[in-house]
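Engineer: Sequence first, predicted model second:
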Amino acid sequence: DAKTTQPTSMDCAEGRAANLPCNHSTISGNEYVYWYRQIHSQGPQYIIHGLKNNETNEMASLIITEDRKSSTLILPHATLRDTAVYYCIVTRDTGGFKTIFGAGTRLFVKA
Amino acid sequence: SAVISQKPSRDICQRGTSLTIQCQVDSQVTMMFWYRQQPGQSLTLIATANQGSEATYESGFVIDKFPISRPNLTFSTLTVSNMSPEDSSIYLCSVTPGDEQYFGPGTRLTVT
């Protein structure tokens, strides 16, 4: 699976959009981009995933560049409860796969 | 979706002893995964457990230290054997019933 690079930490004001970048320059054509987050003292939580097209669900939006070498997770209206570590993962399969976690981005949402 | 429970939620154990962690899923799944999260670190995959076959361990993890059972499609156990303080971590089980991966709440282990 391709490696990912994320900033170590980011700050965001409550109510503003949080834009979390991820670089995956070695991604191959059949690899998906997944995002998970881990709120303190909890297990990781799935957020969203995509292959080529931008995706949106009730939690977030995922913007993937045309060359697929980078992506951005957008939390449209961040709240204090969105403070967590966010993991960007690139993986070959969508099911029955093992997820290898990097260091992630620690997002602090401030009032 | 999948709802996962783990027992115990936390434990304090003495070095040299063993602890068995249970993972129960509310639906049948083919593959279950065990992760370790050391203090302040990201998650590290220990092994993949399929029902009816031996678990597959990642580099740096061995069966003698982390034996795994997978007796059916909704249950698995991970044993941490001959514990040392370095084994103090959160241990999480995980499943992928579909496109998404679900994680249990974790078992917080402290070895003294």
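Structural biologist: That came through, no problem.
Engineer: Give the closest residue to whatever residue of chain B ends up closest to chain A in space, chain neighbours not counted.
Structural biologist: Distances between chain B and chain A by Cβ to the nearest Cβ are smallest at B:F103, namely 3.2 Å. Placement of C-beta: from N, CA and C, glycine included. Once flanking residues are discounted, B:F103 sits nearest to A:G43: 3.2 Å by Cβ to Cβ, 6 or more residues apart in numbering or on different chains.
Engineer: so what's that neighbour scoring on pLDDT?
Structural biologist: We have a pLDDT of 93 for A:G43.
Engineer: which element is it on?
Structural biologist: A:G43 is part of no helix or strand when elements are defined by DSSP states H and E.
Engineer: I'd say it and B:R108 touch.
Structural biologist: No - counting by Cβ atoms under 8 Å, A:G43 sits too far from B:R108 to count as a contact (11.6 Å).
Engineer: between the two, who's got more neighbours?
Structural biologist: The neighbour comparison of A:G43 against B:R108 (other Cβ atoms under 10 Å in any protein chain shown) goes to A:G43, with 22 against 17.
Engineer: Now do the same contact list for the residue nearest the centre of chain A.
Structural biologist: The residue lying closest to the centre of chain A (Cα atoms, centre = their mean) is A:W35, at 3.5 Å. The contact partners of A:W35, by Cβ atoms under 8 Å, 6 or more residues apart in numbering or on different chains, come to A:20, A:22, A:46-49, A:60, A:62, A:73, A:86-89.
Engineer: Could you tell me the phi and psi values at it?
Structural biologist: Dihedral pair for A:W35: phi -130, psi 130, per degrees, to the nearest 10.
Engineer: Not counting sequence-adjacent ones, nearest residue to it?
Structural biologist: Using Cβ to Cβ, 6+ apart, the closest residue to A:W35 is A:I47 (4.3 Å).
Engineer: can you give me the strands in chain B?
Structural biologist: Secondary structure of chain B (DSSP state E): strands at B:4-7, B:10-13, B:19-25, B:31-37, B:43-50, B:56-57, B:68-72, B:75-80, B:89-95, B:102-103, B:107-111.
Engineer: Kindly report the same for chain A.
Structural biologist: Using DSSP E, strands in chain A cover A:9-13, A:18-23, A:32-38, A:45-50, A:55-56, A:61-64, A:70-75, A:84-91, A:105-110.
Engineer: and the third one with strand A:84-91, angle?
Structural biologist: With axes from the mean of the first three to the mean of the last three Cα atoms, to 10 degrees as the basis, strand A:32-38 and strand A:84-91 are set at 160 degrees to each other.
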